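Engineer: return atomic coordinates for the entry below.
(one chain, ligands or ions: 2)
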Amino acid sequence: MNMDSKSILNGRPALSLKIEQIAEAAGYLWQKGWAERNGGNITVNITEYVDDAIRQLPAICEENPIGLTLPHLKGQYFYCKGTGKRMRDLARYPMDNGSIIRILDDCAHYVIVADQQVMPTSELPSHLLVHNWFLEIGSPYRATLHTHPIELVAMSHNKDFLKKDVLSQLLWSMIPETKAFCPKGLGIVNYQLPGSTILAQSTLKELQEYDVVMWEKHGVFAVDEDIMKAFDQVDVLCKSAQIYISAKNMGFEPDGMSQEQMKEMTIAFHLPK
Ligand code: 13P
Ligand code: ZN
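Structural biologist: Ligands and ions are numbered 1, 2, ... in the order given. Below you'll find the predicted structure:
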C-alpha cells in the first residue's frame, strides 16, 4: 500500500488491516471483470477502529449534504470509494482512491477527514441509508458493496427473471453451495437512476428480505459483516449464472437440482427458506 507519513493508517494496525481487506476485495472485483473504469463502489463502517485522535481530526472539505437524514449515523465514520475512482487503482492505493468521512451531528451532512480530498462515491445515498438501517436494527453488518457482474446483469435484461424469487430459485439450483453461501437469495430492484434516493430506498426495502439485490440492467448491491463476505455472496451467485449460461451455450436448458434435492440441503445446512 502507498502509505506516506501523513496517512491515518500509520500506527493503527487494526484499521490498516481493515483497509487492506477492502483493497484486496477491490482487486478481485477488477480481476472478475466486474469493475470496468470506475464501475462499482464500496463503503465500510469503520467507527469501531476510530480513536480520540481521529475524532479530533479537522474536516478537509466543506460540509456536503447526503441527500437523506440518517439519525443512526450521527458521528459514524466510513471508508468510501471515491467517485470516479477505479477499483484496480484502489486495490493498490486505497487511501488515494477513497477517503474516510465523518457524519455530522445533523445526520444529514458529512465531511472528509482523511487522507485526502477524495469525494465519496455517487452511490453514497444507497450505502449510507443501508448502514443507517444496520445500526437501527442492531445488525453486525458493516460492509456494503455495489458491483457490475457481467452474467447477473445480462440476466436482468430478461423480464421473466425479474419476477420475485425466479432468479434466486434458478441460481440456487445450479450448484448446491450457492444456496449455502447466499441463503437469502437475490432481491430485485427495477431500473432506477444511478445515485438516486429512490434507488437507495428501493434497495433498503429489498434488503429486509435479501443480502444481495439486483439493480436491473445495472449491477448488484450486497451487504455482510465485512467486505469479503459481501463479495463472496455475489461471487457464488455469479458462478451459478455462469453455469446456467454455459449450459445454454452448449444448446440445452440445464436441469437444475430437483425440489427434493434443494429441500434436503436446506434442512442439512439449516438454511432459512
Ligand atoms: P462511482 O464512481 O461514483 O462510485 O460510481 C460508480 C458506479 O458504479 C455508479 O453506479
Ligand atoms: Zn454502478
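Engineer: now the element after the lengthiest helix in the chain, going C-ward?
Structural biologist: In the chain, taking DSSP state H as the definition, the longest helix is helix 227-249. Later in the chain than helix 227-249, the nearest helix or strand by DSSP states H and E is helix 259-268.
Engineer: that next one - contacts with which helices or strands?
Structural biologist: In terms of contacts (3 or more CB pairs under 8 Å, 6 or more residues apart in numbering; DSSP states H and E), helix 259-268 is packed against helix 176-181. Yep, even glycine has a C-beta here, placed from its N, CA and C like the rest.
Engineer: what distance do you get for residue 6 to residue 244?
Structural biologist: 49 Å (CB to CB, to the nearest Å).
Engineer: those two: which has the busier surroundings?
Structural biologist: residue 244 (21 against 10; other CB atoms under 10 Å).
Engineer: residue 78 sits in which helix or strand?
Structural biologist: strand 77-81.
Engineer: coming back round to it: from the chain's centre, how far out does the longest helix of the chain sit?
Structural biologist: 15 Å (CA atoms, centre = their mean, to the nearest Å).
Engineer: helices and strands around it, which ones?
Structural biologist: With 3+ CB pairs under 8 Å, 6+ apart as the test, helix 227-249 has helix 13-32, strand 143-147, helix 150-155, helix 166-172, helix 176-181, strand 212-215, strand 219-224 packed against it.
Engineer: which of these is buried the deepest?
Structural biologist: strand 143-147 (a mean of 27; mean count of other CB atoms under 10 Å).
Engineer: direction included, what does that one pair against?
Structural biologist: strand 41-45 (antiparallel), strand 219-224 (antiparallel) (DSSP bridges).
Engineer: can you tell me which residues contact the residue nearest to residue 256 when sequence neighbours are not counted?
Structural biologist: Among residues not flanking residue 256 along the chain, residue 173 sits closest, at 3.4 Å (CB to CB, 6 or more residues apart in numbering). The neighbourhood of residue 173, defined by CB atoms under 8 Å, 6 or more residues apart in numbering, consists of 256-257, 262.
Engineer: and for the closest residue to residue 157 other than its chain neighbours, the neighbour number?
Structural biologist: Excluding its sequence neighbours, the residue lying closest to residue 157 (CB to CB, 6+ apart) is residue 217, at 6.0 Å. Look at residue 217: counted by other CB under 10 Å, it has 12 neighbours.
Engineer: kindly report the same for residue 202.
Structural biologist: Residue crowding around residue 202 was assessed by other CB under 10 Å; the count is 20.
Engineer: and if you look at residue 243?
Structural biologist: 18.
Engineer: hmm, it is touching residue 176, no?
Structural biologist: No: at 11.7 Å, residue 243 does not count as touching residue 176 under the criterion of CB atoms under 8 Å.
Engineer: which residues are contacting stretch 50-64?
Structural biologist: 8, 12, 77, 100, 102, 104, 109-114, 116-117, 119.
Engineer: residue 43: what's it in contact with?
Structural biologist: Going by CB under 8 Å, 6+ apart, the list of residues near residue 43 reads 78-81, 120-121, 124, 127-128, 131, 143-144.
Engineer: tell me the one of those residues nearest ligand 1?
Structural biologist: Ligand 1 has its nearest neighbour among the contacts of residue 43 in residue 121, at 3.3 Å by CB to the nearest ligand atom.
Engineer: gap between that closest one and residue 168?
Structural biologist: 27 Å.
Engineer: what's the answer for residue 87, then?
Structural biologist: Distance from residue 87 to residue 168, by CB to CB: 26 Å.
Engineer: what residues does this structure have near ligand 1?
Structural biologist: 38-41, 81, 83-84, 121-123, 146, 194 (CB under 6 Å from any ligand atom).
Engineer: just the buried residues from the residues you listed, in PyMOL please.
Structural biologist: PyMOL command restricting the residues of the chain next to ligand 1 to the buried ones, with burial defined by 16 or more other CB atoms under 10 Å:
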select buried, resi 38+39+40+41+81+121+123+146
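Engineer: no further queries at this time; thank you.
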